[in-house]
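Visitor: Okay, here's the prediction I keep looking at, along with the sequence it came from:
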Amino acid sequence: MIAGFRSDFGLMTSRTDWRPTLRVKMDYPKCMDHVEVLRAKIGRLRLEIAQIQQLNKQYRLQGRNSAEAEVAHGQRQERLEVIQQELVQLASLGPKVVSVEEMKERHRSRLHLVKQAS
């Protein structure tokens, strides 16, 4: 668990609202670990994908589905597309975050060398 990160997760069971509810409170520490934040975000998206897959499986197994179920299935498909777009955006951030982490490490190395030289 990330320091300063708290969430509680509940799945709404109504057939008309398939979306999970996620209430998150973020407290940002002074020194934020951006890689860990990205990992947490990806973890939450994976969890949501797994839940959508489970609901889609139930939808397929039911055979005949009501109009409500058809609409909910369509909404789940739309949400999967949004998640896919989010993952593409996160993938483009990956090299930037790594380069920031590399720059921090280089800076630490330089400070260490300066301290040794003094």
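Guide: Looks like it arrived, so ask away.
Visitor: Low-confidence bits of the chain, can you list those?
Guide: Low-confidence segments of the chain (pLDDT under 70): 1-32, 94-101, 111-118.
Visitor: show me where it has strands.
Guide: Counting by DSSP state E, the chain has these strands, from start to end: 5-11, 20-26.
Visitor: mind exporting stretch 69-77 as CSV, just the C-alpha atoms?
Guide: Provided in CSV are the C-alpha atoms of stretch 69-77 (Å, rounded to 0.1, in the frame of the first residue of the first chain):
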residue,chain,number,x,y,z
ALA,A,69,-28.8,-5.7,-19.4
GLU,A,70,-28.1,-4.8,-23.1
VAL,A,71,-27.6,-1.1,-22.0
ALA,A,72,-25.3,-2.1,-19.1
HIS,A,73,-23.3,-4.3,-21.5
GLY,A,74,-22.8,-1.4,-23.9
GLN,A,75,-21.7,0.8,-21.0
ARG,A,76,-19.2,-1.7,-19.9
GLN,A,77,-17.8,-1.9,-23.4
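Visitor: Buried ones in it, by neighbour count?
Guide: 69, 72-73, 76 (16 or more other C-beta atoms under 10 Å). For the C-beta atoms, the positions are set from N, CA and C on the backbone; glycine is no exception.
Visitor: Which of those residues fall in helices?
Guide: 69, 72-73, 76 (DSSP state H).
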